[in-house]
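Engineer: Sequence and predicted structure below; questions after.
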Amino acid sequence: MTLSSKIDLEETLGTLDLEGRLRLIAETGRPAVFTTSLGIEDQVLTAAIALASLPIQIVTLDTGRLFDETLQLIENTESRFGLTIERFVPRQDAVDAYVAEHGRNGFYESVEARHACCHVRKLEPLAEALKGASYWITGLRRGQSGNRATTPYSEEDKARHLTKINPLADWSIEDIRAFAEEHDVPLNPLHDRGYPSIGCAPCTRAIRPGEPERAGRWWWENDAKRECGLHVAGEAR
Ligand code: SF4
């Protein structure tokens, strides 16, 4: 299918089901990369890509600070679906420089130090993972946080020179859970222990009843819009 404009892409994606959305991108023939953090949304996307045998590269950012449960889930997911999730890791010299300047857990000390850690452990490996990609597929959902409430199906990432595709933008958490159950998708056991959103171990806590889904991420920071910089257009924070 030829997409003659960005408006076509957004409108067309809105009319399709999940497999259709992913297939539309895969069949453009241009390189598409899906970055998974192994959360439930990303597990649904991995399953959908695998079940339809779509030529979409699946990668993860192994920051070196992930939960053991997440590392185990990478292997379980590869076995369940017979695929490879490519790991991108930070440069050791950059990690060493960060630790020398801030300390290994220096991210608790200031927002700047936290952004610097995310830059080394996430943003630089992400840039490597997306090198040459035309499409970047993500598991962003409007219901995840107020900050994500207007997530479109597609958006230009001018800083990275690619189009970001959010095939689950309009899915509810109930839709996600139902798909996972129907397709026997392996999930992170931390979800059942109060972690709806899972990132690096030292920067994620369980949430309390009634808290927003992402309240457990960088909980010590006082900024309702906190993100790691992966999904902040044009910024590397
Ligand atoms: S989430 Fe925490 S540990 Fe992970 S890269 Fe960011 S600051 Fe570092």
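Structural biologist: Ah, there it is.
Engineer: which bits of the protein sit near the ligand?
Structural biologist: 63, 65, 107, 114, 117-118, 121-122, 199-200, 202-203, 228 (C-beta under 6 Å from any ligand atom). C-beta here means a position set from N, CA and C on the backbone, and glycine is covered the same way.
Engineer: Strands of this structure, residue ranges please.
Structural biologist: For the chain, the strands defined by DSSP state E occupy 32-35, 57-61, 86-88, 135-137, 154-157, 162-165.
Engineer: okay if I get these as TSV plus distance to Pro189 and mean pLDDT?
Structural biologist: Shown next, in TSV, are these (distance: least, C-beta to C-beta, whole Å; pLDDT from 0 to 100):
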stretch	distance to Pro189	mean pLDDT
strand 32-35	22	98
strand 57-61	18	98
strand 86-88	21	98
strand 135-137	25	98
strand 154-157	33	96
strand 162-165	29	97
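Engineer: Please produce a markdown table containing those, extended by mean neighbour count.
Structural biologist: Below are the strands of the chain laid out as a markdown table (neighbours: other C-beta atoms under 10 Å):
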| stretch | mean neighbour count |
| --- | --- |
| strand 32-35 | 24 |
| strand 57-61 | 22 |
| strand 86-88 | 14 |
| strand 135-137 | 24 |
| strand 154-157 | 17 |
| strand 162-165 | 21 |
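Engineer: now these as a markdown table including distance to Ala178?
Structural biologist: Shown next, in a markdown table, are the strands of the chain (distance: least, C-beta to C-beta, whole Å):
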| stretch | distance to Ala178 |
| --- | --- |
| strand 32-35 | 21 |
| strand 57-61 | 22 |
| strand 86-88 | 29 |
| strand 135-137 | 21 |
| strand 154-157 | 24 |
| strand 162-165 | 22 |
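Engineer: any idea how far Asp157 is from Glu11?
Structural biologist: 19 Å (C-beta to C-beta, to the nearest Å).
Engineer: Please disregard the earlier target; I meant Thr60.
Structural biologist: With C-beta to C-beta as the criterion, Thr60 and Asp157 are 19 Å apart.
Engineer: is it true that Ile198 touches Leu71?
Structural biologist: No: checked against C-beta atoms under 8 Å, the pair Ile198 and Leu71 is beyond contact range at 11.7 Å.
Engineer: Now do the shared contacts for these two.
Structural biologist: When C-beta atoms under 8 Å, 6 or more residues apart in numbering defines a contact, no residue borders Ile198 and Leu71 alike.
Engineer: Pick out whichever of those two has more residues nearby.
Structural biologist: The neighbour comparison of Ile198 against Leu71 (other C-beta atoms under 10 Å) goes to Ile198, with 22 against 13.
Engineer: what's Val44 in contact with, if anything?
Structural biologist: Taking C-beta under 8 Å, 6+ apart as the test, what Val44 contacts is 18, 139, 168, 176, 179-180, 185.
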